[in-house]
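Undergrad: Pasting a predicted model and its sequence here:
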Amino acid sequence: MPYFIDNKHLFNLEPQNGDGLRDCQLGAIWALKSYKTNGTNEVASLISMPTGSGKTAIMMAACFELGLSKILIVVPSKILRRQISSQFRELQILKNKNCLDETAPLVSVYEVTNRRNSREEWEAILNSHDVIVSHPNSISPYYQGLEPIPIDLIDAIFMDEAHHEPAPTWQSLNSFYKQQLKVFFTATPFRRDRKRMRAKLIYHYSLERALEKEILRPIEFRGERIGNHPPDSNEALLETAIDVFDEERVANPTCSILIRTDRIEHAQNLVTLYNNNGFNVDVIHSKRSSAVNESLIEKVKNGELDGLVCVGIASEGLDIPNLKVAVLHATPRSIPYTIQFLGRISRTPLDQEGPAILIANTDAVRGEVRRLYKSDSSWSLIIPQIVDQQMQLARHYRSSQAKEEDFQMPELNVYFSALIYSTPANFQFQDQISSNSSKFEIIHYEQADDESPLIIVTAHNKPIDWASREIYIEDLLDVHVLYHSSEHNLLFELTTSELALYSVKESIINIELLSITHGRLFKTLSQFSKSDYIMVGMKNSALTGSSHPSYKTLIGTSVQAAIRSSEGRVFGAGHAVLRLDEENTWGISTRKGRVWAMKRGTAIEFKEWCDQLCTLIVDGPIISNLPGLSFLAKTEQATIIEEIPVAIIPDALFFKAYSVTISSPNHDPIRNFTPILNGVSLQENNTRLLGTLQLDDLSFDFTFDLNSERLWSIDEANDVTVYAERRDDTIVDKRIEDVLNEYPPSLALPDGSIIVGRNRIVPNTDIEDLPSEIWKEKDWNGCNIRSEAYVENPNGDIPVINQTIELLKPSLIQNADLIFLDDGAHEIADLIYFNSANSMIHFIHCKYSGKNNAGCRKSDCDELFAQAMRSIHWISSPILLDRINSRLANAQNSKIVYGSDELLETISENYRVNNWKFNIILVQPGFRMSQVSDKNRANNNVYELVIPMFERIVGSNGNVEIWGT
């Protein structure tokens, strides 16, 4: 007789004496018995319980209660396979709960370590064993060349950690055993990718309930902010781990530590690092034998080791009750895996007290777990909330057709839209097409010949666009069409998913292609006699300010008539939609060099349209603006840099991100710092600009080269990374050099033009006399005009910043006005003056004089005017007060020099950008105002440089004042 039937008389689900099973375990078994009477084996039953609440005991008890004969248990790792085999063999868990008599014999358990090739082999195994424990790779029908366990030889399948079910190997098992009882067990009945589990949720025991019942203990999070450079992060996390573990060992002598990373090669380095610093740890991972892994786990249980380093999934299912401290050297990005991992340390041993402790680097947090790690709320509150939200979105039935054998590829009917790239004369596609991402699978590709479009179809899981990224559909197909016109050296790229195309593109194109210039792009609309624009988008070409829109769009009929000529002082062409005739409406976008037509068609029709575009692009002269909109700022290809820029302004990414962290080896993380770029010299006939990039106290040499494939290069900065986020979204997570190439800075030239990437934007401005009211003569008696930095209680002649404050004092109103000193690295301005009576915020930049006497020297204005340009981004910035408060808390030299903390708090709480006006004050006592303000003065370089600066500040809704002598 089978073991669980033959020994049923020794089992008691609810013993009268002894501890017995937990209520949640009994609830799961009752739900399973109920489902067995009223359900169907075609759909698996799903039991969801927090890790550590006793799923293994439920499996054992179910074998007795359901009268099972031959049971297959599927687990995701070798470590868990050995653990489950050992536990089922002895059934000690049930004996400890007084549910099974101590005299019950051992169970005959077979641990599958190799694939089988015949039914006869399985018959021999099942004749002498009642429980089979296996990893899916050893038994799944997904693999050809192996014999799965025959259907008629088993009557039940338990899948542990069943959130893996949507994986192909697990799916095949689920499909193959259609008539067998299938029970899925998991702590997270949902997945990050929202793939459906083909199971019916019959019992869910909430994490909140488990915490209330003290089945699990709460988790205390010790977050460290240590940047994104792994060696520095490892050392810092180790230091925290030493402090925490030493404290815990005093209160809980049996506690142990779990250290997670995501690569085997990193694991041994961590073992060495920890052991060299007083720990006694070893490593478990999939490449070590089950016997070795199991012996190490036992050593931790027995106190022979302080803990383990684990790699990825190796931690899943680990049963080490005395684990209490966890250190994440690689932070899981998904909620399901995070919860699985936390389950390793959240169990409540009788000989331990206090919460479990998790240590991680919050700067390294990515993906959907960001909310968890960066929340101020207790994890005991927020984790149950997240699990409940995920449960509401969980999907347990799969309905995908795309990968079925009889699936028919639909006929192509694409919307005509293409990015256009220039190609070298010898360009051709690579022969082998592959995906570099496990998220995207190539379903189909074809190309009739070298002159035909290359068509690729990929499948992946992605959110429904109209559902706020909360509902996902499976195996959604994306099409990518690449057409190369070898005659004109142009490549046209059409895709329904840039992310999916990116996964295969590098296998097709092995060089970096450049988008066509704006001048060539404009030509696609230039040869049509009737220009009826139904949409025009204008981008700010005068260095974006927060109050002045970075983009403006007009929609209607003949909207070109509604655009004022004065817009050309600020705006250039961004995108446009032009009705060419009754049948043709085309559009262009300068963002990436895109052209589209409001029509659909086949691949051949798309090719014909691209050939038409080729003719338009190649024929005739290059133009600098869209037809009929010549008054907008002109765009032309940048071929030279005539002079060293007045200022080099980083992309608005650095000003508008909620937080920016720059990480460099052996350096503290640099937070919310705007890179300072300074041009130094021009080379190669003015096509190459050399300069310096300043990041706090780090300095690097950069090259901006118009003749290079990558415009920006930074010497010795390969390990410097930028991580920026806006609320819960990651904006960028790349090397600093990649950031500058993807988000190019603006080179503001003395003639008023701007170079962004390979395009020169020339605002349509007529140089006018500068308003006389911007020039302000001030009294600098008692000031050392050769000294700038603020000094507390100075003796003798005071520095420029101190004198500036003295000049402001007569107009200050007590308890209403505030002056914030921000002199130093990361500064917004030297002084920020909140003038409440006039609702005016003044950004004040101060510079010392190059000589003892005032005059009209260009050297006195270069750095000062560059700072003014950077101030544009703080005009009407919604994060201005957040940044000021951050500077007050963290910057060494930042402080309030007039006003109080309470006043700043009041201003912060009531700050609304629309309620304030903004003024930029440039203080240079080395300016002789009668000289620098004289437009007709010979060689007045200062006046000429004020003009583009003035245009950009006023164009961003700010005012300008220049203080001198």
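TA: Thanks, I have the structure now.
Undergrad: The nearest residue to residue 867 once chain neighbours are set aside: how many residues sit nearby?
TA: Counting by CB to CB, 6 or more residues apart in numbering, residue 867 lies nearest to residue 845, which is 4.5 Å off, once chain neighbours are set aside. In this view, the C-beta of every residue, glycine as well, is placed from N, C-alpha and C. Neighbourhood size, residue 845 [other CB atoms under 10 Å]: 23.
Undergrad: Contact partners for residue 845?
TA: For residue 845, the contact set (CB atoms under 8 Å, 6 or more residues apart in numbering) comprises 829, 830, 864, 867, 868, 871, 920, 921, 922, 923.
Undergrad: Narrow those residues to those in strands?
TA: Counting by DSSP state E, these place 920, 921, 922, 923 in strands.
Undergrad: Between the residues you listed, which sits nearest residue 208?
TA: Residue 208 lies nearest to residue 920 out of those, by CB to CB, at 52.9 Å.
Undergrad: Isn't that closest one up against residue 958?
TA: Yes. Counting by CB atoms under 8 Å, residue 920 does reach residue 958; the two are 5.7 Å apart.
Undergrad: if we can go back for a sec, which residue in the contacts of residue 845 has the weakest pLDDT?
TA: Within the set of the contacts of residue 845, pLDDT is lowest for residue 871 (79).
Undergrad: Is that one in contact with residue 920, as I believe?
TA: Yes. At 5.0 Å, residue 871 counts as touching residue 920 under the criterion of CB under 8 Å.
Undergrad: shared neighbours of the two, which are they?
TA: 843, 845, 953, 958.
Undergrad: Just the element for the second one, please.
TA: If you go by DSSP states H and E, residue 845 is part of strand 840-846.
Undergrad: State the distance from residue 668 to residue 229.
TA: 10 Å (CB to CB, to the nearest Å).
Undergrad: Looking at these two, which has the bigger crowd around it?
TA: Legend: neighbour count by other CB under 10 Å for residue 668 and residue 229, higher for residue 229 (19 against 14).
Undergrad: what's the distance between that one and residue 27?
TA: The value you get for residue 229 to residue 27, if CB to CB is used, is 48 Å.
Undergrad: contacting residues for residue 59?
TA: Residue 59 makes contact with 73, 88, 158, 160, 183, 185, according to CB under 8 Å, 6+ apart.
Undergrad: Could you pull out the buried residues of stretch 291-303?
TA: Residues of stretch 291-303 classed as buried: 293, 294, 296, 297, 299, 300, 301 (neighbour count, 16 or more other CB atoms under 10 Å).
Undergrad: Next, count neighbours for the closest residue to the fourth one other than its chain neighbours.
TA: Spatially, and ignoring its direct neighbours in sequence, residue 297 is nearest to residue 320 (6.1 Å; CB to CB, 6+ apart). Number of residues near residue 320 (other CB under 10 Å) recorded here: 20.
Undergrad: Quick check: phi and psi on residue 320?
TA: For residue 320, the backbone dihedrals (degrees, to the nearest 10) come out as phi -130, psi 90.
Undergrad: residues contacting it?
TA: 256, 258, 297, 300, 301, 308, 344.
Undergrad: Against residue 258, how distant is it?
TA: 8 Å.
Undergrad: With residue 958 instead?
TA: With CB to CB as the criterion, residue 958 and residue 258 are 54 Å apart.
Undergrad: How about residue 293?
TA: Distance from residue 293 to residue 258, counting by CB to CB: 14 Å.
Undergrad: what does residue 771 give?
TA: When CB to CB is applied, the distance between residue 771 and residue 258 equals 67 Å.
Undergrad: Looking at these two, which is more packed in?
TA: Under the neighbour definition other CB under 10 Å, residue 771 and residue 258 were set side by side, and residue 258 has more, 24 against 11.
Undergrad: out of everything not next to it in sequence, what's closest to the more buried one?
TA: Closest residue in space to residue 258, ignoring its immediate chain neighbours: residue 326 at 4.6 Å, by CB to CB, 6+ apart.
Undergrad: did I read that right, that neighbour in a strand?
TA: Yes. Counting by DSSP: H, G, I helix; E, B strand; the rest coil, residue 326 is found in a strand.
Undergrad: Pretty sure residue 491 sits against residue 515.
TA: No. At 10.0 Å, residue 491 does not count as touching residue 515 under the criterion of CB under 8 Å.
Undergrad: Show me whatever sits in contact with both of these two.
TA: In terms of CB under 8 Å, 6+ apart, residue 491 and residue 515 are both contacted by the residues 420, 421, 422.
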